[in-house]
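Enquirer: from the sequence below, what's the structure:
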Amino acid sequence: MKKSILFTVSFLVLSIFLIQCSKSNNNGNPGGSGNIININGMSFSPASKTVAKGTVVTWKNNDGSAHTATSNDGTTFDTGNIAGGGTATYTANTAGTFEYHCIIHGMAMAGTLIVTP
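Expert: Numbering: from 1, shown residues only. I've put the predicted structure just below:
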């Protein structure tokens, strides 16, 4: 009987621990779903995204054609071609405001990434 109670208590403690560990807050944390910039209809959505320094930002191409996310200065970040249905990531390790565009489609397809310290 004591083994059964000990097993039940151990199981409950482990279950509570696992549930607590599986909860997450994606408000600016690296890899969180709140850090996705969607590419839809030849535009970035949201057009302006603010993240904390160290955040992994993901561009998700929901269009059928390839796109890039390339900083206007050409050096801060460049995802390269993101095929339709594909993704690309950038770790925002430098604080600042970075305007970017799609190299393939030009400045008409543009966005802004704001990285806070």
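Enquirer: where do the strands sit along this protein?
Expert: 36-40, 43-45, 48-52, 55-61, 70-71, 87-92, 96-102, 106-116 (DSSP state E).
Enquirer: wait, which of those is closest to Gly80?
Expert: strand 87-92 (6.8 Å; C-beta to C-beta). (Each C-beta comes from the backbone N, C-alpha and C, glycine too.)
Enquirer: the closest residue to Thr70 other than its chain neighbours - how many residues pack around it?
Expert: Take Thr70 and drop its neighbours on the chain: the residue closest to it by C-beta to C-beta, 6 or more residues apart in numbering is Asp78, 4.4 Å away. Neighbour count for Asp78, taken as other C-beta atoms under 10 Å: 14.
Enquirer: ok, Asp78 - contacts?
Expert: Thr68, Ala69, Thr70, Ser71, Ile103 (C-beta atoms under 8 Å, 6 or more residues apart in numbering).
Enquirer: what score does the nearest residue to Pro46 once chain neighbours are set aside have for pLDDT?
Expert: Nearest-residue entry for Pro46: Ile37, 6.8 Å, with adjacent residues in sequence omitted and distances by C-beta to C-beta, 6+ apart. With respect to pLDDT, Ile37 scores 98.
Enquirer: could you number the chain from 49 rather than 1 from now on?
Expert: Yep, numbering from 49; the last one is Ile85 now.
Enquirer: helix or strand with the lowest mean pLDDT in the protein?
Expert: When each helix and strand of the chain is scored by mean pLDDT, DSSP states H and E, helix 50-70 comes last, with a mean of 41.
Enquirer: from the contacts of Asp126, which would you call buried?
Expert: Neighbour counting with 16 or more other C-beta atoms under 10 Å marks Thr116, Ala117, Thr118, Ser119, Ile151 as buried within the contacts of Asp126.
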